[in-house]
Every structure is written in structure tokens, then in C-alpha cells.
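Undergrad: Let me see the structure of the following:
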Amino acid sequence: MTAYPSPTRVAALVVAAILLLHLVPLERRGFVGPDEPRYASIAREMAESGDWVTPRLWGEPWFEKPPMLFWLGGLGHLAGADSLTRLPVALLCLAFLAFFHWRVRRSFGRETAIVAACLLATAAGWVACADAGIVDAPLTVFVSAALLCLLDWPKADGATSAAERAAFGGLLGMAALSKGLVGPMVAALAVLPTLVGQPRRLRELAGPLPLGAFCATCLPWYAACYLANGDGFVREFLVRHHFERFVSSSLQHVQPWWFYAPVLALFMLPWTPLLGSLRWHTIAGGPRRRFLACWALGPLVFFSLSVNKLPAYVLPVLPPLAVLLALRWKERPSRPLLAASAGVLLLLPLAGALLPDALADGVGRAWGRLDSGTLAGSAALGALFAALGAWSCARLPASIAAPATAATVALALGVLKHQAYPAISAQAGAREFVRAERGRLQDACIGDVRRHYSYGIRFYTRDQVPECQREPAELRVEGDPPRISRVQVPEGVGRPPAL
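TA: Here you go, the predicted structure:
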């Protein structure tokens, strides 16, 4: 008789793998992209100035996003974390995974909760956003936690306690502090279709307890920021970055209506093949499942209608999808589809080799730079991960096959991060450039470089390198990747003399 590892041992292995995946190595890459260095700069300015009301970017009020991420990053700065926003976001996502498991277990049982938590924690989109200092992970955490408080509510005999209704309102207020009206909108898209024809229950959600908790959580900051900044806050935050973002192309993130179909497929990797196991009765077989389906489909449809689209907008769809996939797995495990998910691991080391160049210059150029040795090594390592995952799928009992495969996925993603992060930091960020050129940067200005390099240089030099349009200098940071070159500055033009 074959002896299999106990579910408890497998669960312990998965928890350890997920902890390592989310926390190590946070410091191996600097801030990349246009958002991370700006958000970290705002968080640092909040902590150092003591003004926790008005977000400021390089000394100027900045109202594109509410303050939750900046508060978290400010606390990270005060605690001495070099990653500022990134470490608090990772800890917040780990705390949510524990709450997610507990809440799903209470409603659907232990096996479903373990599988759902494993799928969510190792989905590529979740791992990427939990590891980034951006606002989408806090938004997803708080709005998902709020909706999980209502998981049993749609049942005909379901009821929520006063504590759950208050928690729903308070957590929704935290979501409004994370990304404005997006959190309440996601919640409405999940709740309203589920409870249509049940006005009494809808009135309960708008009752004094949840509404009071919501207002007490988020209105103090909104009121304080308005009193401190006046109508400029309303115009920039509410009008431009809520309503104009939905209907106007001026913010330069225009994408076609089908944009989120491939994005969702990428975000669910390596579990995308399991989406093929979903059946109509899986998503419509009872009020709680319909609630989960509305939670997943509502934001997907809503954001698809928006003119401006960014990949991370789809992140709130992942938690309910993970629960639906876990429910389907418990009803009828599909080992071929799980094996197909394990087969995706064959490509992860190759993705790790391509990712740094792809982020810096695009996938086409990255593929052209791939040498045969790297390709062969990536294929061998990928084959090892895929074989380990396939063994879990084929040989282990269904109750532990999915968690064991998730542990392999976590290991493979951890290797990808360890492999790719230093190169990503060097090729798609500004930290290593600033470290290498710090001596010359104090006499330079920022010229024609891509904006993520400009933002990164300003963050890592504490905004000590001005833009050349404002303060020309003989040394200019230019090019892609950036480099310092010497130019002739007309006499009488340049920086003012030091005092």
C-alpha cells in the first residue's frame, strides 16, 4: 500500500512555500515602472513631513489616488524598510490569504478553502501585484474581505450578524481609501444582481450600521483633504481620475473592449486550464455561487466598458474565481486540466529569462537577445518543475493533488523571482544606474529618457537631479537605457550658484 503525505503536512509545505514566495526576496529589485517610484516618493514625503492628509509628489499636491498605499509605505519608511510600499503590501496580502482561507472554510468546508487559497496565492497576477508597491493589491484585499463577510448572506435562510455588517461597511471604507469609488462599485456589482427582488436585504446593507462604519472609516480623510486643498482636490481626484478615466482617452491607457480576456488568462496562470472545468451549475448552483459569479463577472464587464484599461484592474476578479474553481475541483476533480496547469511550469524559467528585457524593451527584442545556452537551461529547469507537478497530479489523492501542485508552482515562481529580479532592477529600473553614477548625477540634469527612468532617478536621488528644461546642466541623463553625456550649455544658463 502506497503511503501518501498527510493533508496536514502538505498544507504546512504549501504555507511555507507561499510565505517564502511573498516575502523573499523583496529587496532584490528596485522600484520599476512609472508608478512604484512615484508612490514610494509620496509615502516617504508623508512620513518625513508628518502631513498624513495631503499626498505630495516632489513637494506638490498629488490627487490621483487616495492615501492608503501612502500610509502603508510611510509606516514602512518609519520602520526602516527600504522597499517602503512593497513590504506592507506583501504583508497585507498574506494576511488576506489567511482571512480568505478562514472565511471560505466556514462557508464551503476545509478542502475547498485549502484549494481556493492555494490557487489564489500562486496565481501569477496575484503574486505580481502582491509584490508591487501599487494600489491595486490593497484595493483587492479590502473589497474582497468586505464581500467575504457577506458570503452566507445570499442564502434564503442566510443571515449576517451585526459584526459582519459593520465589518462589511468598514472594509469597504478601507477600499475607498485605497482607490476611491472603485471599491464600492466592485461591491455593488457583486451584491445588486444577487439580491435583485430582495429589497429588505438591500436596505440592510444601506442601514445605519454598515453605512455608519463606511463613513466613519473613509469620510474623515476625504473631509480633511477637501478642507486642506479645496476644489482642486475634487476636480483632480473625483472628476479627472474617476469619471474622465472611464470615458476619456486623454489619460493614454486606451485599450480595446476585449483587453481583459487575455489579461485574465495571464493573471490566472498556471491555473488558466482549470477555467475549462467550470460548468453552468458550478456558477449558478445556489445563491452563494451566483454571488461569487457576479463578483467575478461584474468587474470584468464594467472595466471592459471603460475607455482606459490597465492590467491590474482585473485583480479583484481572482478571489471569487479561485473559490469557484475549488468548488468545481471538489465536485469533480479534473486531473488532465491540473496536469495541463503543471505543464505551464515548463515555460516559467524561460519567462524569467525573458522578463527583464521584455519589461525594458518589449517581448520582441527580448526574444531576439535570448541565446541557445539560456534557452537550453530554461527548458531543462522547466521540465523538472513540470515533471514534479505532473507527478503530483497523477499519483497523489485528489484531496492533496492540487495543494501539492501549488507548492511546486510556488517553488517555480520563487525561482523565477530569484532569477529575474536582479536583471529586472538593472534593466527596467533606475536604482543600479543611480548607485553607479551618483557622483556625476549631482552635476547632471534629466533630459530625454522614458518616464519610469525619470521617476526612478528622482526617487533614488531624493529629487536632487532636476529636469533639463528647468535647470540645464552640462551633464545630461539621456537615452534608453539612460546614460550620462556632456553637452554645451550656453553661457549664463544653468543652475543657480550654491548658497
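Undergrad: Surely Arg476 forms part of a helix?
TA: No. Assessed with DSSP: H, G, I helix; E, B strand; the rest coil, Arg476 is strand; it does not lie in a helix.
Undergrad: Show me what it is bridged to.
TA: With DSSP bridges as the criterion, Arg476 is bridged to Cys445, Ser485.
Undergrad: so who does it touch?
TA: 444-447, 468, 484-487 (CB atoms under 8 Å, 6 or more residues apart in numbering). Just so you know, the C-beta spots here come from the backbone N, C-alpha and C atoms, and that holds for glycine as well.
Undergrad: any idea how far it lies from Asp443?
TA: Distance of Arg476 to Asp443, given as CB to CB, to the nearest Å: 10 Å.
Undergrad: Tell me the gap between stretch 128-148 and the middle of its chain.
TA: Mean C-alpha position of stretch 128-148 versus that of the full chain (CA atoms, centre = their mean, to the nearest Å) differs by 6 Å.
Undergrad: which residues touch the residue nearest the centre of the chain?
TA: Residue closest to the average C-alpha location in the chain (CA atoms, centre = their mean): Cys129, at 2.3 Å. Applying CB under 8 Å, 6+ apart, we find Cys129 in contact with 93, 136-137, 140, 312, 315.
Undergrad: In those residues, find the pair that's most separated.
TA: Greatest spacing in the contacts of Cys129, by CB to CB: Cys93 and Ala312 (13.1 Å).
Undergrad: okay, those two: which has more neighbours?
TA: Cys93 (22 against 19; other CB atoms under 10 Å).
Undergrad: In this structure that one contacts His22, no?
TA: Yes. Contact criterion CB atoms under 8 Å: Cys93 and His22 qualify, at 6.5 Å.
Undergrad: Look up the residues that both of these two are in contact with.
TA: Common neighbours of Cys93 and His22 (CB under 8 Å, 6+ apart) are Ala130.
Undergrad: Which pLDDT does the model give the residue nearest to the centre of the chain?
TA: We have a pLDDT of 91 for Cys129.
Undergrad: and the gap between it and Phe108?
TA: 25 Å.
Undergrad: Then Arg165?
TA: 21 Å.
Undergrad: Likewise for Leu327?
TA: For Leu327, the distance to Phe108 - CB to CB - is 6 Å.
Undergrad: Also Phe96?
TA: Applying CB to CB to Phe96 and Phe108 gives a distance of 17 Å.
Undergrad: Give me the more crowded residue out of these two.
TA: More crowded of Phe96 and Phe108, by other CB under 10 Å: Phe96, with 23 against 20.
Undergrad: nearest residue to the more buried one other than its sequence neighbours?
TA: Nearest residue to Phe96 in three dimensions, chain neighbours excluded: Val141, at 4.3 Å (CB to CB, 6 or more residues apart in numbering).
Undergrad: Past the lowest-mean-pLDDT helix or strand in the chain, which element shows up next along the chain?
TA: Least confident helix or strand of the chain, by mean pLDDT, DSSP states H and E, is helix 245-247 with a mean of 61. Remark: after helix 245-247, the chain's next helix or strand is helix 260-267, criterion DSSP states H and E.
Undergrad: Would you mind writing the CA trace of that following helix as CSV?
TA: Presented in CSV, the C-alpha positions along helix 260-267 are these (Å, rounded to 0.1, in the frame of the first residue of the first chain):
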residue,chain,number,x,y,z
TYR,A,260,-9.2,41.8,-20.2
ALA,A,261,-9.8,38.3,-21.7
PRO,A,262,-6.0,37.7,-22.4
VAL,A,263,-5.1,39.6,-19.2
LEU,A,264,-7.3,37.4,-17.1
ALA,A,265,-5.8,34.3,-18.8
LEU,A,266,-2.3,35.6,-17.9
PHE,A,267,-3.2,36.5,-14.4
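Undergrad: Now the very next helix or strand once past that helix: buried residues?
TA: Sequence order places helix 280-284 as the next helix or strand after helix 260-267, per DSSP H and E. Neighbour counts over helix 280-284 (16 or more other CB atoms under 10 Å) mark 282-283 as buried.
Undergrad: Just the residues contacting helix 280-284, thanks.
TA: Outside helix 280-284, the residues touching it (CB under 8 Å, 6+ apart) are 289-290, 292-293, 324, 327-328, 331.
Undergrad: Quick check: the farthest pair among those?
TA: Arg290 and Glu331 (16.2 Å).
Undergrad: Quick one, grab the pLDDT at Tyr39.
TA: 94.
Undergrad: ok, and the closest non-adjacent residue to the residue nearest to the centre of the chain?
TA: Cys129 sits nearest to Ala137 (CB to CB, 6+ apart), 4.5 Å away.
Undergrad: Also Trp258?
TA: Trp258 sits nearest to Ser304 (CB to CB, 6+ apart), 7.4 Å away.
Undergrad: Can you tell me how far that neighbour is from Asp35?
TA: Distance from Ser304 to Asp35, by CB to CB: 22 Å.
Undergrad: More neighbours: these two, which one.
TA: Between Ser304 and Asp35, counting by other CB under 10 Å, Asp35 is the more crowded of the two (22 against 17).
Undergrad: is it true that the more buried one touches Arg86?
TA: No. Contact between Asp35 and Arg86 fails when scored by CB under 8 Å: they sit 11.9 Å apart.
Undergrad: which neighbours do these two share?
TA: Gly133.
Undergrad: who touches the helix or strand containing Ala339?
TA: For Ala339, the element it lies in under DSSP H and E is helix 335-344. For helix 335-344, the external contacting residues (CB under 8 Å, 6+ apart) are 269-274, 276-277, 386, 388-390, 392-394, 398, 401-402, 405, 408-409.
Undergrad: and that helix, average pLDDT?
TA: For helix 335-344, the mean per-residue pLDDT is 89.
Undergrad: buried set for that helix?
TA: Applying 16+ other CB under 10 Å to helix 335-344 flags 337-344 as buried.
Undergrad: could those residues be laid out in TSV, adding distance to Thr282?
TA: Putting the buried residues of helix 335-344 into TSV (distance: CB to CB, whole Å) gives the following:
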residue	distance to Thr282
Leu337	13
Leu338	16
Ala339	20
Ala340	18
Ser341	17
Ala342	22
Gly343	23
Val344	22
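Undergrad: which ones are touching Leu84?
TA: Residues counted as contacts of Leu84 (CB under 8 Å, 6+ apart) are 40, 43-44, 73, 76-77, 133.
Undergrad: Now it, what are its backbone angles?
TA: phi 50, psi -100 (degrees, to the nearest 10).
Undergrad: Equivalent analysis for Arg483, please.
TA: phi -150, psi 160.
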